[in-house]
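1. Quick one, structure for this:
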Amino acid sequence: MSTLATEAEAEAQKADAPRPRPRLLAGRSPRDLLGRAAVHLLLAVSLVTVAFPVYYAIAGAFMGPSELSSYPTALVPHSVTGRNFSGAVDTIPLFRQYANSAITATAITVAQLFTSILAAYAFVFLPLKARAVVFGVFLATLMVPWEAIIIPNYLTLSDWGLGNTYFGLVLPFLASGFGTFMLRQAFRQLPGELRDAARIDGAGHWRFLWRIVVPLNKPALAALSIYVFLSAWNQYFWPLIITRTADMQTLQIGLTSLRDSEMADPGLILAGVVLSLLPTLALVVFGQRFIVRGLTAGAVR
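-> Residues are numbered from 1 along each chain as shown. The predicted structure follows:
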C-alpha cells in the first residue's frame with residue numbers, strides 16, 4: 001500500500017507541476033528570424049502607407065482651416081468641428097449626388113449580376129456550337145480599352161436622347177466580360193451529376209439555375225457584386241461627359257466641383273471624400289471574406 005501511495009503522490013505532483021511553455025522560436029536559425037522580422041516590418045510599412053491617407057482624410061474632415069494650413073501639419077484635430085460637412089452640403093447638392101451614385105451603382109451591379117449569371121450558365125451547361133470561340137470573343141472584350149469606345153457610346157446615347165439621364169449613366173455597363181468569366185469558372189466547379197439529377201426530377205434550366213446553381217455559388221456572386229459596385233461607385237470620366245446638370249451628376253463629380261470652386265476649402269473636400277468613402281469601406285470590411293473566396297473560386301480543381 002505504501003508503494004501505491006508513493007506512486008500516487010508522485011503522479012499528483014507531476015500533474016500539479018507547471019508545464020513548460022512551448023518555445024515558438026526554438027530551433028529557428030538567426031537567418032529565419034531575420035527573414036520573419038523583415039516580412040513583419042514590410043507589412044507594417046505597407047499598412048501605414050495604405051491606412052494613413054484614409055486616417056488623414058477622416059481627421060482633416062473635422063479640423064478647422066487654421067489646423068489644416070498649419071506647419072508642421074496637424075495630425076490630430078485639437079478642436080473637432082462639423083463645419084466642413086455642413087459647408088460641403090451647402091456648396092453642392094451633396095445628398096442628391098450621393099443618391100445618384102447609389103442608384104447608378106446599384107442598377108449596374110444588379111444588371112451585371114443578372115447578365116453574367118445567364119451567360120456563364122449558358123457557357124457551362126448548354127450544348128452550344130462553337131462554345132470556345134464565343135467565349136473567346138467574350139474574353140476579347142476585356143482587352144478593348146474603355147477610352148476606345150467612350151466616344152461612340154456618347155454619340156449613340158446622345159442621339160437617342162439619353163444624355164443627362166439615369167439610363168445614360170447605366171446603359172453602357174449592363175453586361176461585363178469579366179463577370180461572365182468569373183462566374184463561368186465558379187459554375188464549372190459544380191459536378192455534372194447535379195444537372196443529371198435535376199433533369200431526372202423534372203427541373204428545367206431556369207429552375208436548376210435559380211434553385212441549385214445560384215445558391216451554391218453565393219461567395220462568387222458576393223465577390224462579383226462588391227467588385228462591380230465599387231467600380232461603378234468610383235466612376236468619374238463617363239458621368240462627367242454624359243451629365244450636364246449638378247442634379248444629375250454623381251458624387252465623384254461633386255467632389256471635383258468642391259476642389260475647383262473659387263474658394264476651395266480643403267476641409268470641405270476632405271468632408272466630401274469621407275462621405276464618399278463610407279460605402280466602400282463598409283463593403284470592403286464586411287465583404288472581405290467573400291472577395292477572397294469568390295476570386296479564388298475555380299483556381300483549384
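
2. What segments of the protein are strands?
-> Under the criterion DSSP state E, the chain contains no strands.

3. quick one: low-confidence parts of it?
-> Along the chain, segments meeting pLDDT under 70 span 1-28, 260-264, 290-301.

4. How about T141: what's its closest non-neighbour residue?
-> G177 (4.1 Å; CB to CB, 6 or more residues apart in numbering). To be clear about C-beta, it is placed using only N, CA and C from the backbone, and glycine gets the same treatment.

5. what's near enough to touch that neighbour?
-> F138, L139, A140, T141, L142 (CB atoms under 8 Å, 6 or more residues apart in numbering).

6. Drop anything exposed from those residues.
-> F138 (16 or more other CB atoms under 10 Å).

7. Closest one of the contacts of G177 to P266?
-> For the contacts of G177, the minimum distance to P266 (CB to CB) is 38.0 Å, reached by L142.

8. coming back round to it: export the contacts of G177 to CSV and append columns for distance to W238.
-> Below are the contacts of G177 laid out as CSV (distance: CB to CB, whole Å):
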residue, distance to W238
F138, 22
L139, 23
A140, 21
T141, 17
L142, 18
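
9. now the helices for the stretch 51-200 of the chain?
-> Assigned by DSSP state H, counting those that start in this stretch, the helices in the stretch 51-200 of the chain fall at 65-68, 83-91, 94-125, 131-140, 146-159, 166-170, 177-187, 192-200.

10. Need the winner for burial among these.
-> Stretch with highest mean neighbour count among the helices of the stretch 51-200 of the chain: helix 177-187 (a mean of 22; mean count of other CB atoms under 10 Å).

11. tilt between that helix and helix 131-140?
-> Counting by axes from the mean of the first three to the mean of the last three CA atoms, to 10 degrees, helix 177-187 lies at 130 degrees to helix 131-140.

12. Tell me what angle helix 177-187 forms with helix 94-125.
-> On the basis of the same axes, to 10 degrees, helix 177-187 is oriented at 50 degrees to helix 94-125.

13. picking up where we left off before, which of the contacts of G177 sits closest to L34?
-> L142 (42.1 Å).

14. Would you agree that closest one is in contact with F178?
-> Yes. Between L142 and F178 a contact is recorded at 6.0 Å, counting by CB atoms under 8 Å.

15. from the contacts of G177, which is closest to R184?
-> Ranked by distance to R184 (CB to CB), the contacts of G177 are led by F138 at 8.7 Å.

16. With adjacent residues omitted, what lies nearest to the closest one?
-> Distances taken as CB to CB, 6+ apart put G177 closest to F138, at 4.8 Å, once the chain neighbours are dropped.

17. mind exporting stretch 201-216 as CSV, just the C-alpha atoms?
-> Written as CSV, here are the backbone C-alpha positions of stretch 201-216 (Å, rounded to 0.1, in the frame of the first residue of the first chain):
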residue,chain,number,x,y,z
ASP,A,201,-36.5,15.3,-61.1
GLY,A,202,-38.1,17.3,-64.0
ALA,A,203,-36.2,20.6,-63.3
GLY,A,204,-35.6,22.7,-66.4
HIS,A,205,-32.7,25.0,-67.0
TRP,A,206,-34.4,28.0,-65.4
ARG,A,207,-35.3,26.1,-62.2
PHE,A,208,-31.9,24.4,-62.0
LEU,A,209,-30.2,27.8,-62.3
TRP,A,210,-32.0,29.7,-59.6
ARG,A,211,-32.7,26.8,-57.2
ILE,A,212,-29.3,25.0,-57.3
VAL,A,213,-26.5,26.8,-59.2
VAL,A,214,-27.0,30.3,-57.8
PRO,A,215,-27.4,29.2,-54.1
LEU,A,216,-24.3,27.1,-54.3
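
18. For L33, find the nearest of the helices of the stretch 51-200 of the chain.
-> Of all those, helix 177-187 comes closest under CB to CB, at 39.8 Å.

19. Send me that closest one as PDB with only the CA atoms.
-> Provided in PDB are the C-alpha atoms of helix 177-187 (Å, rounded to 0.1, in the frame of the first residue of the first chain):
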ATOM      1  CA  GLY A 177     -17.000  40.100 -69.900                       C
ATOM      2  CA  PHE A 178     -15.100  39.900 -66.600                       C
ATOM      3  CA  GLY A 179     -18.300  38.900 -64.700                       C
ATOM      4  CA  THR A 180     -19.100  36.200 -67.200                       C
ATOM      5  CA  PHE A 181     -15.600  34.800 -67.000                       C
ATOM      6  CA  MET A 182     -15.500  34.800 -63.200                       C
ATOM      7  CA  LEU A 183     -18.900  33.100 -62.800                       C
ATOM      8  CA  ARG A 184     -18.100  30.600 -65.500                       C
ATOM      9  CA  GLN A 185     -15.100  29.500 -63.600                       C
ATOM     10  CA  ALA A 186     -17.200  29.100 -60.400                       C
ATOM     11  CA  PHE A 187     -20.000  27.200 -62.200                       C
END
